[in-house]
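Novice: Sequence unavailable; structure follows:
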Ligand SMILES: Cc1cc2nc3c(=O)[nH]c(=O)nc-3n(C[C@H](O)[C@H](O)[C@H](O)COP(=O)(O)OP(=O)(O)OC[C@H]3O[C@@H](n4cnc5c(N)ncnc54)[C@H](O)[C@@H]3O)c2cc1C
């Protein structure tokens, strides 16, 4: 180890650190990634899956910006499903079951082969700060590395404590040590630090599961992929399965409550409300006789299964006895117990929008250290911190996405303005402009922005340009091309929708809820030949994009209009003495919070925790009314 001086140092090679280091190096910064164990790069600490509702959109945004999470997922997946297809396109969410070992290996390979990036296995125990500016780190081996900016992505490792029943020990993940020193140093420097907790379920030996007693959940017949680059969809897939707890399971789980770290008060940190442990679920939903569990394979070549929904920190024998009451698991043997982990995080209101800390210049935090949970939430923060750290040391303007541009913008805005009171995960309901922030159009929304700062490659830009051009051509064709009753009516009758009496344009049929592009392709040879002329690599995407553009145009335009009005209204001043309690249509919580916090603008009001998008609409309508000239 001779080189001790870098532009950027990233601490921790989890999902945040890997994206941060790759982005920084790809933007030309001489980067060092230091992590406690190079053999656990991007380990999937919890479930072996990427994406899902709202999270899938984030992976696509990371990919569109030139990050690697999408590519690595495509290379590592064992099953693909597009969730929520029965709902509108704003809700469609890609999800991939991954081979977790392959996922980690693929990331390792990617990072090792990234130019400008060096890797070092060690534990960082101190950030070196000179005159209020981060300028390097000191490691457990007492090496002093110099850097112009430091990005901390320590995940669940800072003073981590693992709990199973009455046992507890320090650790960052089961089988791995915790990181000590950094939290104390930052605390002494005046940073606020707090505790959160999360948990994980048992891993089961698949050879001992009776799969014939479970409900199979195969992947999509036509699996898609995450990356907009030339990765390939899966040719074969592994199935997941559904199982259910029962009252006997719940009774057994209850016998461990007096030894539970959650219920005896040994764990103080708040856990993820939307991803509760099985013991929390049976308390919170006491009337529910069963809970659904997802049985998820952890790879192509392993027998290990992850029991999603059965996260627990109850004593080991209680976990196992309860497991044996579930149909299909009567003889199950486990590889690893479920456990909970409590760890330090830094309330993210201490950060700027670039994820740089307000207290120490050129020091950035990304990932679970900011109170989030999830690989996708971590990855996108890492990417944004990596980008902004490079821009900062190069003296260039920062790169911030707003809430109308990306889920990533929503996430960071939520973190830095509202903070967190539980591990933060993304939901579609957190985004006001869901029809704009779809998984299918992340490349169109974001790739050019990233290309402009020198991250997304020319090849990515070429692909997006091509997709936009062909989508427009195809939409124009559907908008302009007529179809006769003789061509259309058999298909319409089959779909149980009224026949047409005269020639109409294809688009008129597409606007019917029952009709999609495939139906139009069946009845219009001209459309078919138009699609056949599209390059193979963009065909599916372009057909889907044109369909969404035409079918949902009215909604998209409406939301675009609201989005641009909201951006304008960011500057609308709320009178200091406004009587919020006079607005009965505001939620009670919003009335209380607004009265207490007295935001200066509607933009600020919208970001206060407890003020919902519906409350903002009420304020907008009210202020619009009072501020007619601004309209
Ligand atoms: C038990 C458990 C249960 C979880 N359950 C869920 C769940 O249900 N749902 C969900 O979405 N997410 C869950 N997660 C969280 C998910 O794993 C994280 O959100 C995600 O991994 C965070 O990514 P990260 O990059 O911030 O940190 P991590 O993936 O934790 O990576 C941190 C990295 O930093 C390294 N490191 C830490 N400190 C130092 C140091 N001082 N010096 C050098 N290297 C250091 C570590 O070795 C590690 O490689 C769970 C995690 C755990 C451990």
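Specialist: Now that the structure is in, tell me what you want to look at. The structure displayed is predicted, hence computed values, not measured ones.

Novice: Could you tell me which ranges of the chain sit under the pLDDT cut-off?
Specialist: 1, 569-570, 597-598, 600, 625-631 (pLDDT under 70).

Novice: for the ligand, what are the nearby residues on it?
Specialist: 11-17, 34-37, 40, 45-46, 123-124, 153-157, 172-173, 179, 182, 198-200, 275, 341, 367-368, 373-375, 378, 425 (CB under 6 Å from any ligand atom). The way it works is simple: take the backbone N, C-alpha and C, and place the C-beta from them, glycine included.

Novice: Which strands or helices does the longest helix anywhere in the chain pack on?
Specialist: Identified as the longest helix of the chain according to DSSP state H is helix 458-480. Contact partners of helix 458-480 among helices and strands, from 3 or more CB pairs under 8 Å, 6 or more residues apart in numbering; DSSP states H and E: helix 442-452, strand 504-505, helix 506-510, helix 525-532, helix 536-551.

Novice: Now do that helix: everything it contacts.
Specialist: 64, 66, 228-229, 443-444, 447-448, 450-451, 505-507, 510, 520, 526-527, 530-531, 534-535, 537-538, 541-543, 545-546, 549-550 (CB atoms under 8 Å, 6 or more residues apart in numbering).

Novice: Flag every buried residue along that helix.
Specialist: 460-461, 463-464, 466-468, 470-471, 474-475, 477-478 (16 or more other CB atoms under 10 Å).

Novice: Just the closest of these to the ligand, please.
Specialist: residue 460 (24.0 Å; CB to the nearest ligand atom).

Novice: What's the nearest residue in the stretch 251-400 of the chain when you look at the ligand?
Specialist: Closest point on the stretch 251-400 of the chain to the ligand, by CB to the nearest ligand atom, is residue 367, at 2.4 Å.

Novice: Leaving out sequence neighbours, find the closest residue to that residue.
Specialist: residue 16 (2.9 Å; CB to CB, 6 or more residues apart in numbering).

Novice: Next secondary structure after the host helix or strand of the one you found?
Specialist: Assigned by DSSP states H and E, residue 16 belongs to helix 15-26. Remark: after helix 15-26, the chain's next helix or strand is strand 31-35, criterion DSSP H and E.

Novice: Beyond that following strand, next helix or strand please.
Specialist: According to DSSP H and E, the helix or strand after strand 31-35 is strand 49-51.

Novice: I would like the residues contacting that following strand, please.
Specialist: Outside strand 49-51, the residues that touch it by CB under 8 Å, 6+ apart are 56, 59, 69, 73, 77, 93-98, 103, 226, 296, 375-376.

Novice: State the next helix or strand along the chain beyond it.
Specialist: helix 55-64.

Novice: got the angle between that next one and helix 442-452?
Specialist: 40 degrees (axes from the mean of the first three to the mean of the last three CA atoms, to 10 degrees).

Novice: Identify all contacting residues around the next helix or strand after helix 55-64.
Specialist: Toward the C-terminal end, the helix or strand that comes next after helix 55-64 (DSSP H and E) is helix 69-76. Here helix 69-76 makes contact (CB under 8 Å, 6+ apart) with 15, 19, 42, 50-51, 59-60, 62-63, 96, 98-100, 102-103, 106-107, 110, 225-229, 231-233, 375-376, 379.

Novice: PyMOL command for the buried members of those residues?
Specialist: A single PyMOL command is used to select the members of the contacts of helix 69-76 judged buried by 16+ other CB under 10 Å:
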select buried, resi 15+19+42+50+51+59+60+62+63+96+98+99+100+102+103+106+107+110+225+226+227+228+229+231+375+376+379
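
Novice: Indicate the residue of the stretch 151-300 of the chain located nearest to the ligand.
Specialist: Counting by CB to the nearest ligand atom, the stretch 151-300 of the chain gets nearest the ligand through residue 155, at 2.0 Å.

Novice: tell me the contacts of that residue?
Specialist: 12, 14, 16, 45, 172, 343, 367, 368, 369, 378.

Novice: One more: residue 239?
Specialist: Residue 239 neighbours (CB under 8 Å, 6+ apart): 79, 216, 217, 218, 219, 297.

Novice: helix/strand/coil for residue 128?
Specialist: Under DSSP: H, G, I helix; E, B strand; the rest coil, residue 128 falls in the strand class.

Novice: out of everything not next to it in sequence, what's closest to it?
Specialist: residue 136 (4.0 Å).

Novice: my hunch is that that neighbour is in a strand, does that hold up?
Specialist: Yes - counting by three-state DSSP, residue 136 is found in a strand.

Novice: Quick check: the gap between it and residue 9.
Specialist: Look at residue 136 and residue 9: by CB to CB, to the nearest Å, they are 7 Å apart.

Novice: out of those two, which sits in the more crowded spot?
Specialist: Counted by other CB atoms under 10 Å, residue 136 and residue 9 do not tie: residue 9 has more neighbours, with 30 against 23.

Novice: Now the phi/psi pair for that one, please.
Specialist: phi -110, psi 130 (degrees, to the nearest 10).

Novice: Run a quick neighbour tally on the residue of the stretch 501-631 of the chain found nearest the ligand.
Specialist: For the stretch 501-631 of the chain and the ligand, the shortest gap (CB to the nearest ligand atom) falls at residue 609, measuring 20.6 Å. Residue 609: 14 surrounding residues under other CB under 10 Å.

Novice: Going forward, count from 29.
Specialist: I'll keep to 29 as the first residue from here, and by that count the last item is residue 637.

Novice: is it fair to say it lies in a helix?
Specialist: No - read with three-state DSSP, residue 637 is coil and lies in no helix.

Novice: Correct me if wrong: it contacts residue 446.
Specialist: Yes - taking contacts as CB atoms under 8 Å, residue 637 lies within contact range of residue 446: 4.1 Å.

Novice: which residues are in contact with both of those two?
Specialist: Counting by CB under 8 Å, 6+ apart, nothing touches both residue 637 and residue 446.
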